[in-house]
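1. Structure for this input, please:
(one chain, ligands or ions: 1)
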Amino acid sequence: MKWVIVLLLLVHPCFAQVGVDIMIQHGKIIDGTGNSWFYGDVAIKDGKIIAVGNLSHLNAKKIINASSLIVAPGFIDVHTHIEDDEVKNPFASNFIYDGVTTVITGNCGLSKVDLRKYFLFIDSIHPAVNVASLIGHNDVRKAVMGSVNREPDEIEMQQMEALITKAMKDGAVGFSTGLIYIPGTYATTNEIIQLAKIAAKYNGVYTTHMRDEADSVTQAIEEALTIGRLADISVEISHFKLSGQQNWGRSKETLPMVIKARQDGLDVTIDQYPYTASSTSLSTLLPDWVFADGQDSINARLNNLTIRKQLIKYMMGKLKKRKLKHYSYTVVANYKADTILNGKSIEAINLLMHKKHKAKAEAETILEMIEKGGAGMVFHGMSENDVKNIMQYPFNMFASDASIRVFGAAVPHPRGYGTNARILSKYVREEKILFLEEAIRRMTSLPAQKFHLKNRGLLLKDYAADIVVFDENEVQDLSTYEKPHQYSTGFKYVLVNGKITLENGNQTTERNGKVLYGEGHQQL
Ligand SMILES: [Zn+2]
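-> Okay, here's the model as predicted:
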């Protein structure tokens, strides 16, 4: 009789004491769908969510008290550039402290070409975040043709196609272009269409840093949409913006193009970092033909007096268009030849060096820096109104466009530390541009759906336990242009595949990220 009762206790559901690894209790749950928050618990076992709701009947080895805190899926940052920095800091702390549990790298045409090798490498360094990658057009083109300024011949085209086919089978989530960078800028629309078709075959996404984000932005959007239509591929326009004062306000013109394309049946979405400054290479201030065939050829061109004069004239014209008298908007982020200049504007550098306080003299300084290998820059060139207008578009995701930061190194753009916290503090809490649930949807289920990241981006049974727990009243980005190396605050817990990676606001030693493969992935 006694044994029968014991047996009953064990098998009857009312008495079953399911053991879970972690229980997040009494949180305000925002599940990532965009639906309103509700009070509840989340149970985690073996790296997965096993239940969401009122789970007071379950036993847990570890309890996280989330009273008065938000519990949401971990954030997915669809636009990053982590190559070569992941090995310097596999803890990816700038992302973890900002609530990011998954990054997609290989953007703007820049990626590793052999993704099989790259994914094995990622597994070997055990990063704290999950990593997915695109295959980048620039690096594929460089591998086949170097940095020549011409169209590929038939054999070169086949070689590029073969590299992209392999990358998609290796597990890329899509194909990226960077049409302002060398050598991607030398490609015609047709070349991109042909290559994007291959990514489409494996259900990849076409992501693009467009040919222009300034005066010719509408033509650039048109090109991206054309590629989407003719290659029959889902399109993601990266870091959607308007650069240069003369283009401020034109989001009224550019967003409707995206909306119309969707109405016409093209799956196009966009992403954005929530700042009015961009960050890219100093070389983008000059025409792209200057940069063909490597540094020696670049210097030979710059040392030709006729060309030099022509370039100064070109730069003066561009500056005038921006209605600026000085290069005050261009700030050095990372200049390897002289790190003292990091954090200073080109105008300030000239004053520091007692050079003429004239735009022409500043343009000379820029050319000298290019001769010494160039620099990473921060460009203050967007309007807050456009940033907010773009932010309100429902199919816009938030993405940092950043690398894994090495704490204290150089003076990089603050977006690498603060993108998500800035959305949640400045734009949700303070300015009320977005509802919290909507902001979370854009950081979680929207990117997961777009890039086919299965079982990610929602708080649902059987989904991966990538979870953030944060205080909506406290969450804050602290990283600034002047002092970028500051982690966001307000995130209390971050779980990556069920392991506690941030605890009571401090990063732990867990590094439980893994490679997330695209749908074309074929295991060897
Ligand atoms: Zn880019």
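
2. tell me what the one helix or strand Y206 maps to is packed against?
-> In the assignment (DSSP states H and E), Y206 maps to strand 205-209. Judged by 3 or more CB pairs under 8 Å, 6 or more residues apart in numbering; DSSP states H and E, strand 205-209 is in contact with strand 174-178, helix 189-201, helix 217-231, strand 234-237. All C-beta atoms are positioned from the backbone trio N, CA, C, and that covers glycine.

3. One more pass at 10 Å, please.
-> Packing partners of strand 205-209 (3 or more CB pairs under 10 Å, 6 or more residues apart in numbering; DSSP states H and E): helix 137-145, strand 174-178, helix 189-201, helix 217-231, strand 234-237, strand 268-272.

4. winner for burial among the ones you listed?
-> strand 174-178 (a mean of 31; mean count of other CB atoms under 10 Å).

5. now that strand and helix 217-231, what's the angle there?
-> 150 degrees (axes from the mean of the first three to the mean of the last three CA atoms, to 10 degrees).

6. Now do strand 174-178 against strand 205-209, angle only.
-> Using the same axes, to 10 degrees, strand 174-178 lies at 10 degrees relative to strand 205-209.

7. 55 is where my numbering starts, stick with that
-> With 55 as the first residue, the last one maps to strand 228-232.

8. hmm, back to that, which of the helices and strands packed on strand 259-263 sits closest to the ion?
-> Within these, the stretch nearest the ion is strand 228-232; the backing value is 5.8 Å (CB to the ion).

9. quick revisit: arrange the helices and strands packed on strand 259-263 in a markdown table, one row each, with distance to the ion and mean pLDDT as further columns.
-> Listed next are these as a markdown table, based on distance: least, CB to the ion, whole Å; pLDDT from 0 to 100:
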| stretch | distance to the ion | mean pLDDT |
| --- | --- | --- |
| helix 191-199 | 11 | 98 |
| strand 228-232 | 6 | 98 |
| helix 243-255 | 15 | 98 |
| helix 271-285 | 12 | 98 |
| strand 288-291 | 11 | 98 |
| strand 322-326 | 10 | 98 |
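
10. show me where pLDDT drops low in the stretch 255-404 of the chain?
-> Along the stretch 255-404 of the chain, no part satisfies pLDDT under 70.

11. What residues does it have near the ion?
-> Within the stretch 255-404 of the chain, the positions lying close to the ion (CB under 5 Å from the ion) are H263.

12. For the ion, give me its nearest residue in the stretch 255-404 of the chain.
-> Nearest residue of the stretch 255-404 of the chain to the ion: H263, at 3.4 Å (CB to the ion).

13. And for the closest residue in space to V460 that isn't next to it in sequence, the neighbour number?
-> Spatially, and ignoring its direct neighbours in sequence, V460 is nearest to K142 (5.1 Å; CB to CB, 6 or more residues apart in numbering). Neighbour count of K142, defined by other CB atoms under 10 Å: 14.

14. and K142, what is it in contact with?
-> By CB atoms under 10 Å, 6 or more residues apart in numbering, K142 lies in contact with 136, 179, 457-461, 463.

15. likewise M436?
-> If a contact means CB under 10 Å, 6+ apart, then M436 has 267, 295-299, 301-302, 305, 329-332, 444 as its contacts.

16. Looking at the residues you listed, spot the one nearest A402.
-> For these, the residue nearest A402 by CB to CB is A331; the value is 15.5 Å.
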